[in-house]
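> heads up, no residue letters with this:
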């Protein structure tokens, strides 16, 4: 990966510097495309392998996949769920969680399918505009409804 993105994506001890790589790929769509093209086959193989393995062990499997729709993983799912917040709240939370500027947060949001489109495509929508307790209650209610 250093051939494509340079040695600056590594920390002094040789580990991936996720913050530096993120700054590179979210500022440059071509570098993001290269990263996705390079890693996608390995990631897809591992995700699908883990899904198949776990399906043999449990009656309900919930898979949290970044870029679910963008990478067409939804085709492997029986149903999809989206934890929804309007983009403005999404941006505020992203800035706070990752210590990003508004521009950096917006670049990350813009690199994905819009939350509104994800909401439209989802089979299940959990509204995350309230408290964690309220979100947990929605999830508990959904789980109870499928176990009747």
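It's in. Not measured: the values here are computed from a predicted model.

> where do the strands sit along the protein?
81-84, 124-127 (DSSP state E).

> out of these, flag the one nearest residue 135.
Of all those, strand 124-127 sits nearest to residue 135, with 6.1 Å by Cβ to Cβ. Where C-beta positions appear, they are placed from N, C-alpha and C, glycine not excepted.

> just checking, what packs against the closest one?
Here strand 124-127 touches strand 81-84, helix 132-146, going by 3 or more Cβ pairs under 8 Å, 6 or more residues apart in numbering; DSSP states H and E.

> longest helix in the chain, please.
Identified as the longest helix of the chain according to DSSP state H is helix 29-55.

> how distant is stretch 135-148 from the center of its chain?
Centroid separation for stretch 135-148 versus its chain: 22 Å, with Cα atoms, centre = their mean, to the nearest Å.

> what residues does that stretch touch?
Residues outside stretch 135-148 that contact it (Cβ atoms under 8 Å, 6 or more residues apart in numbering): 60, 83, 124, 126-128.

> buried residues, it. List them.
For stretch 135-148, a neighbour-count test (16 or more other Cβ atoms under 10 Å) marks 135, 138 as buried.

> residue contacts, the closest residue to residue 35 other than its chain neighbours?
In space, and not counting its chain neighbours, residue 35 is closest to residue 25: 5.3 Å by Cβ to Cβ, 6 or more residues apart in numbering. By Cβ under 8 Å, 6+ apart, residue 25 lies in contact with 31-32, 35.

> so can I have CSV of the residues you listed showing pLDDT?
Compiled in CSV, the contacts of residue 25 are given as follows (pLDDT from 0 to 100):
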residue, pLDDT
31, 90
32, 89
35, 90
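
> show me which of these is closest to residue 116.
Nearest member of those to residue 116, counting by Cβ to Cβ, is residue 32, at 21.6 Å.
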